[in-house]
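Participant: Requesting a structural model of the entry that follows:
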Amino acid sequence: MDDREEKTLGFEDRLELVSELTGRIESGALPLEDAVKEYERGMKMLAELDAELGDMNRRVTVLRNGTETETADADL
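Facilitator: Now for the predicted structure:
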């Protein structure tokens, strides 16, 4: 699966994919070079998921507070 295909997956599916990557790395069955590549891939995906989760959190805060101004002030 390439990056474009991964980005079409939902949040939960991508999180599950990271879990699968982790399992493959932890199994010790991968050659070192492949394990490092999978690690890099997983870390990139986790960073993207973290950013997406932050965006969702801001959206929920806006909906809860009713204004974006309060959210911007909270980030300071």
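Participant: make it CA atoms for all contacts and neighbour counts henceforth
Facilitator: Will do.
Participant: Which secondary structure element is home to Leu46?
Facilitator: Here Leu46 is covered by helix 32-65, with elements defined by DSSP states H and E.
Participant: which stretches of this protein have low pLDDT?
Facilitator: By pLDDT under 70, the weakly predicted segments of the chain are 2-3, 67-76.
Participant: The residue nearest to the spatial centre of it: what's it in contact with?
Facilitator: Centrality entry for the chain: nearest residue to the mean C-alpha point is Leu49, 1.8 Å, by CA atoms, centre = their mean. Counting by CA atoms under 8 Å, 6 or more residues apart in numbering, Leu49 makes contact with 11, 14-15.
Participant: who wins for most neighbours among these?
Facilitator: Neighbour counts for the contacts of Leu49 were taken using other CA atoms under 10 Å; the highest belongs to Arg14, with 19 neighbours.
Participant: Would you check that it makes contact with Glu6?
Facilitator: Yes - applying CA atoms under 8 Å as the test, Arg14 and Glu6 come out as touching, 6.8 Å apart.
Participant: Which positions in stretch 28-48 come out as buried?
Facilitator: Of the residues in stretch 28-48, those buried by neighbour count under the rule 16 or more other CA atoms under 10 Å are 35, 38-39, 42, 45.
Participant: hmm, who's touching it?
Facilitator: Judged by CA under 8 Å, 6+ apart, the contacts made with stretch 28-48 from elsewhere in the structure are 14-15, 18, 21-22, 24-25.
Participant: Show me the contact partners of the helix or strand containing Gly23.
Facilitator: Mapping Gly23 onto the secondary structure by DSSP H and E places it in helix 11-27. When contacts are taken as CA under 8 Å, 6+ apart, the neighbours of helix 11-27 outside the stretch itself are 6, 30, 35, 38-39, 42, 45-46, 49.
Participant: out of those residues, who's nearest Val60?
Facilitator: Lowest distance from Val60 to the contacts of helix 11-27 (CA to CA) belongs to Leu49, with 16.3 Å.
Participant: So the closest one versus Met56, what's the distance?
Facilitator: Applying CA to CA, to the nearest Å, the value for Leu49 to Met56 is 10 Å.
Participant: again with Gly66
Facilitator: 15 Å.
Participant: Kindly report the same for Pro31.
Facilitator: In this view, Pro31 and Met56 are 37 Å apart by CA to CA.
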